[in-house]
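Asks: give me a 3D structure for the following:
(4 chains)
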Number of protein chains: 2
Amino acid sequence: MTTPLPGQPVRGSASGRPIMALLDLLGRRWSLRILWELHQGPATFRDLQARCESLSPSVLNTRLGELRQALLVENGEAGYCLTADGEELVRRCLPLADWAEHWANRLPVPEK
Amino acid sequence: MTTPLPGQPVRGSASGRPIMALLDLLGRRWSLRILWELHQGPATFRDLQARCESLSPSVLNTRLGELRQALLVENGEAGYCLTADGEELVRRCLPLADWAEHWANRLPVPEK
DNA sequence: TGATACGCTATCGAAAACGTAGCACCCACA
DNA sequence: TGTGGGTGCTACGTTTTCGATAGCGTATCA
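Replies: Numbers count the residues shown, from 1 in each chain, chains lettered A, B, ... in the order given. Predicted structure coming up:
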């Protein structure tokens, strides 16, 4: 699978607009979650697996490759962590956590 | 596939925390894109397909079902559109468009 | 020379997504 | 009354992606 990047046609949009590349990149299973977990602090490969309740190493490795190509994540001394850009991206998503709480309150309680 | 909702275990997290349900919901192919397109204005089923460059009706229908269960999208007079909650969610994601532009400038220009 | 941890790859079956065709419904119009 | 257009949506076979498990190669420390 190729990493969606600005300036290239991506799935669902031949335009190359940056937002489309971003939506494709983030709309892959575990992408958002991985960024979220790394925002909680740096982690080794195996740490990340554990935090995500044991997602496959193959998928994790694929996602990490994409996120590294996109310069959102890097592998440093302390293990994997967000780049400055990645940090800023997540920072802009933080209002989501807030919103999710309100959302939970408005939804009917799901059956167990 | 079951719709991830707060209060239930979701893929990658048994905790039921709202943010985890949200990350699961949005981390499915086309979810973010569909919300994005609906934020540009209401659309019929076929409009949505066209705006997303002809994604499969089966997938579109599945995503719409999930987003409707999550009370983010509804089917009204003018076709599909965001609910008040959905609108607020997207509003909180708008900084992403901005960020994506900066991101594009910092990335090496991809080969054609 | 084990013991342990690291990042990561290989393999294979299951699940999700894709592409295409077409159904059932409604409504205007001839 | 039938035909042409729109609607939302389903069916089905193929391809892609994901998931579960095992294990490799390296490094570190005892």
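Asks: got the residues of chain A near DNA strand D?
Replies: Contact residues (C-beta under 7 Å from any atom of the strand) of chain A with DNA strand D: A:1, A:28-30, A:54-59, A:62. All C-beta atoms are positioned from the backbone trio N, CA, C, and that covers glycine.
Asks: repeat the analysis, applying 6 Å as the threshold.
Replies: Counting by C-beta under 6 Å from any atom of the strand, chain A comes close to DNA strand D at A:1, A:28-30, A:55-59, A:62.
Asks: so where is chain A shaky, pLDDT-wise?
Replies: Within chain A, the segments meeting pLDDT under 70 span A:109-112.
Asks: all helices for it, in order.
Replies: Applying DSSP state H to chain A gives helices spanning A:18-26, A:31-39, A:45-51, A:57-69, A:84-93, A:95-106.
Asks: so what's A:Ser15 up against?
Replies: A:Pro9 (C-beta atoms under 8 Å, 6 or more residues apart in numbering or on different chains).
Asks: that one and A:Ala21: what is the separation?
Replies: For A:Ser15, the distance to A:Ala21 equals 10 Å [C-beta to C-beta, to the nearest Å].
Asks: about what we covered before: B:Trp36: which of the helices of chain A is closest?
Replies: Proximity to B:Trp36, assessed across these by C-beta to C-beta, is greatest for helix A:18-26 (6.2 Å).
Asks: from the contact counts, what lies against that closest one?
Replies: Where contact means 3 or more C-beta pairs under 8 Å, 6 or more residues apart in numbering or on different chains; DSSP states H and E, helix A:18-26 is packed against helix A:31-39, helix B:31-39, helix B:95-106.
Asks: show me what counts as buried in that helix.
Replies: A:18-26 (16 or more other C-beta atoms under 10 Å in any protein chain shown).
Asks: so which bits of chain A are right by DNA strand C?
Replies: Residues of chain A lying near DNA strand C (C-beta under 6 Å from any atom of the strand): A:11, A:44-46, A:57-58, A:61, A:64, A:79.
Asks: who touches stretch A:46-61?
Replies: A:29-30, A:33-34, A:37-38, A:40, A:43, A:45, A:79-80, B:12-14.
Asks: thinking again about what came up before, farthest-apart pair in the buried residues of helix A:18-26, please.
Replies: Largest separation among the buried residues of helix A:18-26 by C-beta to C-beta: A:Pro18 and A:Leu26, giving 12.2 Å.
Asks: most tightly surrounded among the helices of chain A?
Replies: Using mean count of other C-beta atoms under 10 Å in any protein chain shown, the stretch among the helices of chain A with the largest mean neighbour count is helix A:18-26, at a mean of 24.
Asks: tell me what angle that helix forms with helix A:57-69.
Replies: In terms of direction (axes from the mean of the first three to the mean of the last three C-alpha atoms, to 10 degrees), helix A:18-26 departs from helix A:57-69 by 160 degrees.
Asks: give me the neighbour count for A:Ala14.
Replies: A:Ala14 has 11 neighbours, counted by other C-beta atoms under 10 Å in any protein chain shown.
Asks: leaving out chain neighbours, which residue sits closest to it?
Replies: In space, and not counting its chain neighbours, A:Ala14 is closest to B:Glu53: 6.9 Å by C-beta to C-beta, 6 or more residues apart in numbering or on different chains.
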